[in-house]
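Trainee: Please work out how this folds:
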Amino acid sequence: MRYMPITKVAEGMILGQRICNGEGKILLEQEAKLQREDVQRLFQMGLPGIYVEDDISWDLKIPRLISRELEREALELVHRLFEEEDFREIEQEDIQETARKMTRQILAGRDKMYQTVNVRVADDYTFFHSVNVAALSVMLGVKTGNLDLEQLNKLAAAALLHDVGKRYVEADVLNAKRSLTEEERVLVVQHPKLSYDFLTEHYHFSQEVCDGVLEHHEWYNGCGYPMRRSGYEISYFARIIKVADVFDALTSKLPYHDPISPSGAVDYILGNTESEFDPDLAELFTSNIAVYPAGCEVMLSDGRTALVAENDPEHMLRPKVITIPDGEMIDLKSEKDLAVLELFV
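Mentor: Down below sits the predicted model:
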């Protein structure tokens, strides 16, 4: 399986992963042979790219933090929380059970790095973002070694719920390609407090969960919002969610910016440690992000193109690659004269 930028997707390609919308509904099944109308539909949905199967990549596996089925379950849950009536049918136990499932799966693969490319419908960003931030936050929480199982479950719940206050913000404001009015900007900035108020009014989560939601836009240097807390005044959950939140936003296609590469997002986070991010958490998080995700096409320093086959956490810039079109496997750790020059996403 390989990642294909949407501009290169063509009729007849075989879909490598099913495509879901923000409600968790399947739009196209895995292994579907794309028709012309499918390609047009994918482009119209604002997908930056998709995963496909071909002769070179058919046995290439893309490691995931959580399964596609669990992702669908979490998407459906988050989407219902945003609906005015549906959320009333969601018990706290429903949220906690989804959080527990995420924690279990990530703990089972605790050695995995994050090395997928976002494949999501642009208008459904908020729902996909909530689920992905939860997975990334738990991954980081596990890597810290500081959180027990109960705390990891709480972290997963806080991250899933961190943006639920956006249910009070109109979609045309959240997805605006224009400059926001001052009133709209204030409303968007209030969403952490709106999320906190929603949880305390309708549920009975622990203070750790609620603080993680309330403070996830605070900056380490005190320049964030809504309370301008700094350093260790910011809850541990919020400092974790902050890193995951920014990484996922930077690498996603949004109405007001195109996605940047994982390496660009890593550079941003590392460049803003001690101002925006807890430096220890930022360093730990970025050391577990594959700057060249598995299945992506790269250009090598000798001019050849290749697919990334496997990443080594100790040598992030020198993955194993498969050359195109001949299919030669090269381990860049042992080929010192070769390097990756460019990533195509």
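Trainee: Show me where the stretch 1-150 of the chain has its helices.
Mentor: Secondary structure of the stretch 1-150 of the chain (DSSP state H, counting those that start in this stretch): helices at 36-44, 68-82, 92-108, 125-144, 149-161.
Trainee: got JSON lines for the ones you listed, with mean pLDDT and distance to Arg239 too?
Mentor: Backbone N, C-alpha and C define where each C-beta goes, glycine included. As requested, those are exported to JSON lines (pLDDT from 0 to 100; distance: least, CB to CB, whole Å):
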{"stretch": "helix 36-44", "mean pLDDT": "92", "distance to Arg239": "36"}
{"stretch": "helix 68-82", "mean pLDDT": "94", "distance to Arg239": "22"}
{"stretch": "helix 92-108", "mean pLDDT": "97", "distance to Arg239": "18"}
{"stretch": "helix 125-144", "mean pLDDT": "96", "distance to Arg239": "10"}
{"stretch": "helix 149-161", "mean pLDDT": "98", "distance to Arg239": "11"}
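Trainee: Leu194 should be in a helix, yeah?
Mentor: Yes: under DSSP: H, G, I helix; E, B strand; the rest coil, Leu194 falls within a helix.
Trainee: got a list of what it touches?
Mentor: Leu194 is in contact with 165-169, counting by CB atoms under 8 Å, 6 or more residues apart in numbering.
Trainee: same check, this time on Val9
Mentor: Counting by CB under 8 Å, 6+ apart, Val9 has contacts 34, 39, 42-43, 49-50, 52.
Trainee: what's the most distant pair in these?
Mentor: Largest separation among the contacts of Val9 by CB to CB: Phe43 and Val52, giving 14.5 Å.
Trainee: So which of those two has more stuff around it?
Mentor: Set side by side, Phe43 and Val52 show more neighbours around Val52, with 20 against 12, by other CB atoms under 10 Å.
Trainee: so can I have a markdown table of the contacts of Val9 showing distance to Ser301?
Mentor: Converted to a markdown table, those look like this (distance: CB to CB, whole Å):
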| residue | distance to Ser301 |
| --- | --- |
| Leu34 | 33 |
| Val39 | 33 |
| Leu42 | 33 |
| Phe43 | 32 |
| Gly49 | 24 |
| Ile50 | 28 |
| Val52 | 26 |
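Trainee: Quick check on the residues you listed: which are buried?
Mentor: Buried residues within the contacts of Val9, counting neighbours by 16 or more other CB atoms under 10 Å: 34, 39, 42, 49-50, 52.
Trainee: Glu283 - how many residues pack around it?
Mentor: For Glu283, using other CB under 10 Å, the count is 14.
Trainee: which stretches of the stretch 201-345 of the chain form helices?
Mentor: Using DSSP H, counting those that start in this stretch, helices in the stretch 201-345 of the chain cover 207-214, 236-250, 262-271, 279-286.
Trainee: So for stretch 193-210, what gets flagged as buried?
Mentor: 193-199, 203, 205, 208-210.
Trainee: and of the buried ones among the contacts of Val9, the nearest to Ala122?
Mentor: Out of those, the member with the shortest distance to Ala122 (by CB to CB) is Leu42, at 11.1 Å.
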